[in-house]
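1. Quick check, what structure comes out for this input:
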Amino acid sequence: MGEENDRLEETGKWNLEREQELRFEVPEPGDSLGSLSAELALLKGQAEVFGTELVLHKKVQFKPGSKIAVFTWDGCIIEITGAVEGAYVSRETPMLMYLNLHAALDQMREKARKNPGLTGPRIMITGPADVGKSTLCRILLNYAVRMGRRPIYCDLDVGQGTISIPGSTGALLIERPADIEEGFPVHAPLFYHFGHVTPADNLKYYDVLTSQIAKVVQQRFEKNNEARIGGVVINTCGWVTGGGYKMLVHAAKVFNVNVIVVLDQERLYNELKKQFNDDVEVLHLPKSGGVVTRSKQFRKHSRNERIRQYFYGVKNNFYPHTFELKFSDVKIFKIGAPAVPDSCLPIGMQKDDIETKLVPMQPGKDLLHCVMGLSMATDLDEDLLRTNLAGYIVITDIDMERQQFKILSPAPRPLPRNFLLLSDVKFMDIK
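-> Next up, the predicted model:
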């Protein structure tokens with residue numbers, strides 16, 4: 001298995017042989033070393049982090065809570081500086097299987113390139129929480145871009161919101177490999193307001209958004225030849241039983257997926273295999289031995305950090321704006337009315353209608369620190385449920401006497417639209 005070291009605090013050099021992986025963690029916030037970061041540099045050979053190639057002698061910084069795997073196909077020497085824990089080198093890695101999967105997907109892309117009537121692979125990555133779904137998506141997307149492809153990435157995991165923020169779903173055309181520190185370049189993303197960090201809070205509306213994104217992705221295929229060839233890689237939530245399983249089946253159908261990868265859980269693999277028979281290629285792959293379970297506290301911290309990065313940038317290189325906004329300048333809505341017994345519903349209204357009902361909200365102190373989605377809709381005749389967002393703001397102060405909000409916004413005043421969608425997600429602007 002290789003050498004293991006519980007905690008490194010000084011510079012350490014690691015010599016990796018062919019097809020080995022160096023795994024380590026930077027202590028989570030709150031640990032005794034949790035305020036520290038770690039730096040990594042490639043001293044010799046070639047190596048990659050989740051499909052992104054390391055540049056020789058260029059230092060890469062990892063923040064507290066980072067869980068990293070450095071893989072080499074031909075051998076390398078790595079230097080780590082700073083506080084890391086659980087560092088070890090492993091020969092047991094699924095990277096060869098992931099590479100084989102990429103090769104099969106690229107064959108599908110090549111067929112699509114030669115036949116304008118076909119699209120590239122439409123692959124959905126599934127599995128329970130903490131099995132490495134997002135990481136596999138990143139690897140497959142990076143490998144595709146390095147081959148000159150332009151796939152679409154769809155993130156349906158509202159718990160982390162890698163394209164925008166937690167509580168949203170979205171799609172992004174991938175044109176360059178992910179930066180190891182900052183992730184994929186987010187230029188002209190398409191994202192939608194869900195308003196919760198788990199689909200269970202409004203499964204009906206979640207399915208509505210999934211269908212909408214699938215529709216837009218299909219439209220992109222029809223207009224963009226490179227996207228059609230590149231296909232789509234879909235990341236999903238970790239809820240895979242009951243309503244969560246139905247959610248996965250719905251997503252597979254509306255995206256018309258032709259490949260489903262199940263990480264780790266054999267039961268889910270068998271259920272999906274039975275569900276789709278031979279219509280969809282269902283594959284069962286192991287999770288990486290380096291995948292670790294994240295604590296609830298760390299998940300909460302990660303969500304807050306993701307929102308902070310949305311406004312301030314990963315390296316604090318964004319400069320958001322703070323300004324006042326009159327109550328009368330905006331209209332606030334919540335999607336989904338409170339649940340009531342079926343017997344109390346108005347005549348002719350179904351429970352599904354309640355879950356997708358647009359409920360007007362009155363300004364009040366309870367909106368303090370709430371994250372709000374700014375809809376691209378120009379008037380109420382448009383479908384606010386299915387209209388994408390211009391961006392997010394946060395209400396940082398409320399003055400009831402002056403009838404004004406103070407807001408944090410990524411762009412200066414005025415707001416380009418005036419319909420705000422309320423989220424369960426809150427953000428305390430403490431840098």
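2. which strand is the longest one in this structure?
-> Counting by DSSP state E, the longest strand found in the chain is strand 389-399.
3. what are the pairing partners of whichever helix or strand comes after that strand, and which direction each?
-> Remark: after strand 389-399, the chain's next helix or strand is strand 404-409, criterion DSSP states H and E. Next to strand 404-409 in the sheet, as set by DSSP bridges, lie strand 321-326 (antiparallel), strand 389-399 (antiparallel).
4. quick one: buried residues of strand 404-409?
-> 404-405, 407-409 (16 or more other C-beta atoms under 10 Å). C-betas here are computed from N, CA, C, even on glycine.
5. Most tightly packed of the strands paired with strand 404-409?
-> strand 389-399 (a mean of 20; mean count of other C-beta atoms under 10 Å).
6. Just give me how far that strand sits from the chain centre.
-> Here strand 389-399 is found 22 Å from its chain centre; the criterion is C-alpha atoms, centre = their mean, to the nearest Å.
7. Which residues does that strand contact?
-> By C-beta atoms under 8 Å, 6 or more residues apart in numbering, the surrounding residues in contact with strand 389-399 are 164-165, 168, 191-193, 307, 310-311, 322, 363-365, 367-376, 404-411, 415-417, 420-421, 427, 429.
8. how about 6 Å then?
-> When contacts are defined by C-beta atoms under 6 Å, 6 or more residues apart in numbering, strand 389-399 is touched by residues 165, 191, 193, 365, 367-368, 370-374, 376, 405-410, 416-417, 427, 429.
9. same thing with stretch 245-255?
-> Contacts to stretch 245-255, defined as C-beta under 6 Å, 6+ apart, come from residues 122, 124, 126, 199, 207, 210-211, 214.
10. go with 10 Å
-> 122-124, 126, 154, 156, 199-200, 203, 206-207, 210-215, 217-218, 232, 234, 236-237, 239-240, 257-260, 262, 268, 271-272, 275-276, 279-280, 282 (C-beta atoms under 10 Å, 6 or more residues apart in numbering).
11. rewinding a little: of all the strands paired with strand 404-409, which one comes closest to Ala112?
-> strand 389-399 (30.4 Å; C-beta to C-beta).
12. quick revisit: which among the contacts of stretch 245-255 end up buried?
-> 122-124, 126, 154, 156, 199, 203, 206-207, 210-214, 217-218, 232, 234, 236-237, 239-240, 257-260, 262, 268, 271-272, 275-276, 280, 282.
13. For Arg228, which non-adjacent residue is spatially closest?
-> Once flanking residues are discounted, Arg228 sits nearest to Phe221: 4.3 Å by C-beta to C-beta, 6 or more residues apart in numbering.
14. Enumerate every residue touching Ala178.
-> Counting by C-beta under 10 Å, 6+ apart, the residues that Ala178 touches are 49-52, 138-139, 141-142, 145, 153, 184-185.
15. Mind checking which of these are in helices?
-> Cross-referencing those against helices under DSSP state H gives 138-139, 141-142, 145.
16. circling back: so of the contacts of stretch 245-255, which ones are in strands?
-> Short answer: the contacts of stretch 245-255 in strands (DSSP E) are 122-124, 126, 154, 232, 234, 259-260, 262, 282.
17. Can you verify my assumption that Phe221 contacts Gly230?
-> Yes. Using C-beta atoms under 10 Å, Phe221 is in contact with Gly230, at 9.2 Å.
18. which one of the two has more residues nearby?
-> Set Phe221 next to Gly230 and count neighbours by other C-beta atoms under 10 Å: Gly230 wins out with 31 against 20.
19. can you give me the helices for this protein?
-> 95-114, 133-146, 203-223, 225-230, 243-254, 266-276, 296-312, 351-355.
20. Can you flag the weakest of those by average pLDDT?
-> Looking over the helices of the chain, mean pLDDT reaches its minimum on helix 351-355, with a mean of 75.
21. quick one: pLDDT of Glu4?
-> Glu4 carries a pLDDT value of 41.
22. who are the neighbours in contact with the residue nearest to Phe323 when sequence neighbours are not counted?
-> Excluding the flanking residues, the one nearest Phe323 by C-beta to C-beta, 6+ apart is Arg413, at 4.7 Å. Counting by C-beta under 10 Å, 6+ apart, Arg413 makes contact with 321-325, 329, 407.
23. And Thr322, by the same measure?
-> So Thr322 contacts 394, 396-397, 406-409, 413, 429 (C-beta under 10 Å, 6+ apart).
24. between those residues, which is nearest Val60?
-> Using C-beta to C-beta, the contacts of Thr322 come closest to Val60 at Asp429, 28.0 Å.
25. OK, contacts around the nearest residue in space to Tyr98 that is not next to it in sequence?
-> Spatial nearest neighbour of Tyr98, excluding adjacent residues (C-beta to C-beta, 6+ apart): Ile139 at 5.5 Å. Ile139 is in contact with 48-52, 69, 71, 94-95, 98-99, 101-102, 132, 178, 233, counting by C-beta under 10 Å, 6+ apart.
26. What distance do you get for Ile139 to Lys253?
-> Noted for Ile139: a distance of 26 Å to Lys253, by C-beta to C-beta, to the nearest Å.
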